[in-house]
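> Here's a sequence, model it:
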Amino acid sequence: IFFGDGASTRSTFYGALNLSSLWDLPIFWVCENNKYSLATRYDRSSRTGIAEKARAFGIRAEEVDGNDAVKIFLKAEELIRYVRQNRKPAFLELDTYRVASGSMVEDTARYIDKKERLRWMARDPILLLKKTILQSGLFSNRELDEIEDEVEKVLEKEMAAALETPPLSVNEIRDIFQQNTRSKRETPNPAVVLPEASDGDKITMAEALRQALGEEMEKNEQIVVFGEDVGFYGGRKGVTDGLLRRFGGRRVIDTPINEELFVAIAIGLAQAGFRPVAEFAHASFLTLAASDIHRAGFWEAVNHAKFSTSIVIRAVSGGGYEVYGEELALSPVSAFLNWKGVRMVAPSNAFQAKGLLKSALRSGSPIIFFEHRMLYKTACPVPSGDYVLPLEKGVVERAGKDVSILAYGYLTKLALEAADVLAEEGGLQAE
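Prediction:
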């Protein structure tokens, strides 16, 4: 994993280091410390070295002269061998300097000391490597000049070709940004007749969700469930209870408290061919992962199915019993309504919960699956056989001709109660 010094002050950096150490992930971390994130020097952002931060998590970490290509190669070779042999992470900090603009537009004279910049330019990596090569006798000055001339010709040719390329047409641009590729990644639903909601035994929504997860995990070995307390504890309201015993710790994974990383982990798993299911104990914490939720939806919308963003985010939403403060009682559905590529699902009973979760797990899109905490203990008949319900399609729970009430999730229950009141007290038939 390559990154710069600016990223080393973000909370996700520490969370990722912790997970790579905790789970003994064979990751080779490489940080280019060029002293500036944009205009702020690293020593004004942190009091400790970057490699030192990795050591705090028990990771083998070393520093090297980031302008010396030979030293970098030798140290990287050593650490890569360590990662492969020990199946553990290692960390390499490249001590270098950014002599040019970080964003290609800001004025470096406003924040870079001229004398300091000149000192580092004298240690330009290319100049140092050229000096090393000449001293070793591998090439002569003339041979190196010939190589540079050849490279210049290649660059000029490619640049000319790029400049001569005509701009994209309107149809080509539309093809890039329209969402017409989702079906290519959808797992086909079985040819089943949708059952009536009245068929089957009466079970709670928590049990219906557990059945859906278990049945789909039996069919698809690529489904991986992770989140806080999803394993030994059995998840919020017992939805994942028993899955760890059935499928093992490689498919049901307890994580530390770090919602900022959950969606990033899910995206990585999806790109590796898995079908990840991330559980958020409180939907309020979705905002902590907002940038990655946006990224998953954006990639789904514009990357033309070049790689998978098939992730399901299960989020416990809303207020009610067992809520320990207002901040945990949010249901931020509206916050994600206009996010391109992100689909949202909110069942209102156990029958819908099982069928919709099964569809979500077979979908090729990033889906936030909102589960209102007041519905987990509610029960209704749920078919025991395999069935799915269509995503992005509403259902008429009660016929009426005088007024229409639109609702989702727990609010559907309240809307039906309101319809009863309208009928009894006002004589109105609400749909």
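
> So for residue 228, what's the nearest residue that isn't a sequence neighbour?
residue 281 (5.4 Å; C-beta to C-beta, 6 or more residues apart in numbering). Glycine gets a C-beta too; all of them are placed from N, C-alpha and C.

> And the pLDDT at the one you found?
Residue 281 carries a pLDDT value of 91.

> got it, and residue 37?
85.

> cool, residue 110 as well?
On pLDDT, residue 110 comes in at 84.

> wait, doesn't it sit right on residue 40?
No - counting by C-beta atoms under 8 Å, residue 110 does not reach residue 40; the two are 11.8 Å apart.

> The two - which one has more neighbours?
residue 40 (13 against 7; other C-beta atoms under 10 Å).

> where do the helices sit along this protein?
Counting by DSSP state H, the chain has helices at residues 11-22, 50-55, 69-86, 114-121, 125-136, 141-164, 170-177, 182-185, 205-219, 243-247, 259-271, 290-302, 350-362, 410-421.

> Can you give me the first-to-last residue distance of stretch 399-416?
Terminal residues of stretch 399-416 lie 11 Å apart, using C-alpha to C-alpha, to the nearest Å.

> can you list the residues that contact that stretch?
Stretch 399-416 has contacts (C-beta atoms under 8 Å, 6 or more residues apart in numbering) with 317-318, 320, 331, 333, 346-349, 370, 372, 374-375, 378, 394, 397-398, 418-419, 422, 428-431.

> What residues of that stretch count as buried?
By neighbour count with 16 or more other C-beta atoms under 10 Å, stretch 399-416 contains the buried residues 405, 407, 408, 409, 410, 411, 412, 413, 415.

> least trustworthy helix or strand in the chain by mean pLDDT?
helix 182-185 (a mean of 46; mean pLDDT, DSSP states H and E).

> Skipping its backbone neighbours, what lies nearest residue 79 in space?
Residue 79's closest residue in space is residue 90 (C-beta to C-beta, 6+ apart), at 4.2 Å.

> Show the contacting residues for the one you found.
27, 28, 29, 59, 60, 61, 79, 80, 82, 83.

> can you pull out the strands in the stretch 301-431 of the chain?
When secondary structure is read from DSSP state E, counting those that start in this stretch, the stretch 301-431 of the chain shows strands at 312-317, 343-345, 367-372, 379-382.

> Ok, which of those comes nearest residue 276?
Of all the strands of the stretch 301-431 of the chain, strand 312-317 sits nearest to residue 276, with 7.3 Å by C-beta to C-beta.

> returning to that earlier point: please identify the deepest-packed of the helices of the chain.
helix 350-362 (a mean of 25; mean count of other C-beta atoms under 10 Å).

> Relative to residue 120, how far out is the residue nearest to residue 13 when sequence neighbours are not counted?
Closest residue to residue 13 apart from its sequence neighbours, by C-beta to C-beta, 6+ apart: residue 7 at 5.7 Å. Applying C-beta to C-beta, to the nearest Å, the value for residue 7 to residue 120 is 21 Å.

> again, but for residue 342
Separation of residue 342 from residue 120 (C-beta to C-beta): 44 Å.

> go on, residue 26?
From residue 26 to residue 120 the distance is 34 Å (C-beta to C-beta).

> is it true that residue 341 touches residue 293?
No - Residue 341 is beyond contact range of residue 293, at 9.7 Å (criterion: C-beta under 8 Å).

> Quick check: neighbours shared by the two?
Common contacts of residue 341 and residue 293 (C-beta under 8 Å, 6+ apart): residue 366.

> for the stretch 301-431 of the chain, which spans come out with low pLDDT?
303-306, 321-324 (pLDDT under 70).

> Could you pull up the residues touching the residue nearest to residue 228?
So residue 281 contacts 227, 228, 229, 236, 316 (C-beta under 8 Å, 6+ apart).

> Out of the residues you listed, list just those in strands.
By the criterion of DSSP state E, membership of these in strands covers 227, 316.

> Put the buried members of the contacts of residue 281 into a PyMOL selection.
To isolate the buried ones among these in PyMOL, judged by 16+ other C-beta under 10 Å, type:
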select buried, resi 227+228+236+316
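
> Is it possible to get the contacts of residue 281 out as JSON lines so that each row also shows distance to residue 47?
JSON lines is the format used below for these (distance: C-beta to C-beta, whole Å):
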{"residue": "227", "distance to residue 47": "33"}
{"residue": "228", "distance to residue 47": "31"}
{"residue": "229", "distance to residue 47": "34"}
{"residue": "236", "distance to residue 47": "38"}
{"residue": "316", "distance to residue 47": "38"}
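
> Could you single out the nearest of the contacts of residue 281 to residue 262?
residue 227 (6.6 Å).

> Would you agree that closest one is in contact with residue 280?
Yes - using C-beta under 8 Å, residue 227 is in contact with residue 280, at 6.9 Å.

> Please identify every residue contacting each of those two.
262, 314.

> what's the neighbour count on the residue nearest to residue 13?
Counted with other C-beta under 10 Å, residue 7 comes out at 15.

> Quick one, grab the pLDDT at it.
93.

> cool, residue 188 as well?
Value for residue 188, per-residue pLDDT: 46.

> count of residues packed around residue 6?
Residue 6 has 18 nearby residues by other C-beta under 10 Å.

> Which residue is the nearest non-sequential neighbour of it?
Nearest to residue 6 is residue 37, by C-beta to C-beta, 6+ apart, at 3.1 Å.

> ditto for residue 301
Nearest to residue 301 is residue 341, by C-beta to C-beta, 6+ apart, at 3.6 Å.

> try residue 384
In space, residue 384 is closest to residue 200, 5.6 Å off (C-beta to C-beta, 6+ apart).

> returning to what we had before: what's the residue nearest to residue 6 in contact with, if anything?
Contacts of residue 37 (C-beta under 8 Å, 6+ apart): 4, 5, 6, 9, 45, 102.

> at 10 Å what do you get?
Counting by C-beta atoms under 10 Å, 6 or more residues apart in numbering, residue 37 touches 4, 5, 6, 7, 8, 9, 44, 45, 98, 102.

> For residue 10, give its distance to residue 316.
Residue 10 is 26 Å from residue 316, by C-beta to C-beta.

> Among the contacts of residue 37, which one lies nearest to residue 68?
residue 98 (16.6 Å).

> For residue 101, report the pLDDT, please.
For residue 101, pLDDT reads 80.

> burial measure for it, as a count.
14.

> wait, doesn't residue 353 sit right on residue 206?
Yes - the pair residue 353 and residue 206 qualifies as a contact (C-beta atoms under 10 Å) at a distance of 8.7 Å.

> got any residues that touch both of these two?
Joint contacts of residue 353 and residue 206 (C-beta under 10 Å, 6+ apart) are 239, 371, 375, 376, 378.
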